[in-house]
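Participant: my questions concern the predicted model and sequence given below.
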Amino acid sequence: MSPHAAQIPAMGAAPNSSLVMVSDGKAVDPLDDTVCIVDDDPFVCDSLSALLEAHGFTVATYTAGAALLADERRRHFGCLIVDQHMPGMDGLGILAALRREAIAVPSILVTGRLDPSIADRAERLGAIGVLEKPFPVARLIELVRAGLDDAG
């Protein structure tokens, strides 16, 4: 788990500007290394969160796109994993909303049924990868690391 994990406020808490830390003379936003998961299935959120934490990542989860978009911290996450098929706003809708706000977070779209149009739209919206469920854990970890490297 990241050394910054304990300093991330609980979901729904107001952002705290005191979270910025100094490391080697450089300001560091503690969310820059946080992987954000958006999936309407709490079991999937919990499973992915446990998997990523076991690989040393700090994780934040949301069960709806609207909840992510309402949280000011959305501007500071290091990587986003978003499910395509959710009630309300789908994964592509979330990516489009972030793009409209000029929020460029490396994103991975996951879907239960991949079709070329979804992959094409995700790529045009800046996704660094599209994974079809069930996906290889190693590929997810590879994409998350690449995303965090891009964000850092």
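Facilitator: Now that the structure is in, tell me what you want to look at. Values in this document were obtained by computation on a predicted structure and should not be read as measured data.

Participant: quick check: chain neighbours aside, which residue is closest to residue 63?
Facilitator: Nearest residue to residue 63, sequence neighbours excluded (Cβ to Cβ, 6 or more residues apart in numbering): residue 40, at 5.4 Å. Heads up, the C-betas are built off the backbone N, CA and C, glycines and all.

Participant: number of residues surrounding the closest residue to residue 31 other than its chain neighbours?
Facilitator: Nearest residue to residue 31, sequence neighbours excluded (Cβ to Cβ, 6+ apart): residue 76, at 3.9 Å. Number of residues near residue 76 (other Cβ atoms under 10 Å) recorded here: 18.

Participant: what of the one 10 residues further on?
Facilitator: Around residue 86 sit 18 other residues, with neighbours defined as other Cβ under 10 Å.

Participant: my read: it touches residue 37, true?
Facilitator: No - counting by Cβ atoms under 8 Å, residue 86 does not reach residue 37; the two are 11.9 Å apart.

Participant: which one's the longest helix in the chain?
Facilitator: In the chain, with assignment by DSSP state H, the single longest helix is helix 137-151.
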